[in-house]
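Q: 3D model of this:
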Amino acid sequence: MSASSASSRKTLSKIACNRLQKELAEWQVNPPAGFKHKVTDNLQRWVIEVNGAPGTLYADETYNLQVDFPEHYPMEAPQVIFVPPAPLHPHIYSNGHICLDILYDSWSPAMTVSSICISILSMLSSSTVKQRPEDNDRYVKNCRNGRSPKETRWWFHDDKV
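A: Residues are numbered from 1 along each chain as shown. Below is the predicted model:
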């Protein structure tokens, strides 16, 4: 398992706990359209059901996101992956890793789980083809043994999908 896996994960800081409790309370009152938080007793790992937006390639399809929060959230981005099977999309690898800049280089502590979800749904909705990234097989092979997507040096070059 990688350093970010559950067995070696550090506990959340007080700031992270307070922030996540606030986000969860807001989510329960005003969830983003197309998403459902699957209730667990683990504040550090959220599982979120994603419903494809009507009128898109992903309409009537349902997927699950796993959101793992680091010790120093929101100063550090959460790890967000699709629980396989992941949607067929040019920026989503078959192992569930997502190539989306806000999850890495463009993360801001002002972002929330809701804003991440909306960005992911927007990314799905704007796709015109259902296909894996060109380097899917090579990338997934290199990610064996539980490598985190946060250990990848992403190259963000395509903002069309």
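Q: what sits against F82?
A: Under the criterion of CB atoms under 8 Å, 6 or more residues apart in numbering, the contact list for F82 reads 63-66, 92, 96, 98. No exception for glycine: its C-beta is placed from N, CA and C like everyone else's.
Q: With respect to S127, which of those is nearest?
A: Closest approach to S127 among these (CB to CB): I92, at 9.3 Å.
Q: Mind pulling the model confidence for the closest one?
A: Here the pLDDT value assigned to I92 is 95.
Q: Name the nearest residue to it, ignoring sequence neighbours.
A: A86 (5.1 Å; CB to CB, 6 or more residues apart in numbering).
Q: For the helix or strand bottoming out on mean pLDDT in the chain, which residues meet the burial criterion?
A: Here the helix or strand of the chain ranked lowest by mean pLDDT, DSSP states H and E is helix 136-142, holding a mean of 85. Across helix 136-142, burial judged by 16 or more other CB atoms under 10 Å covers 136, 139-140.
Q: Also stretch 96-116?
A: Residues 96-100, 102-104, 107, 111-114, 116 are the ones in stretch 96-116 that count as buried (16+ other CB under 10 Å).
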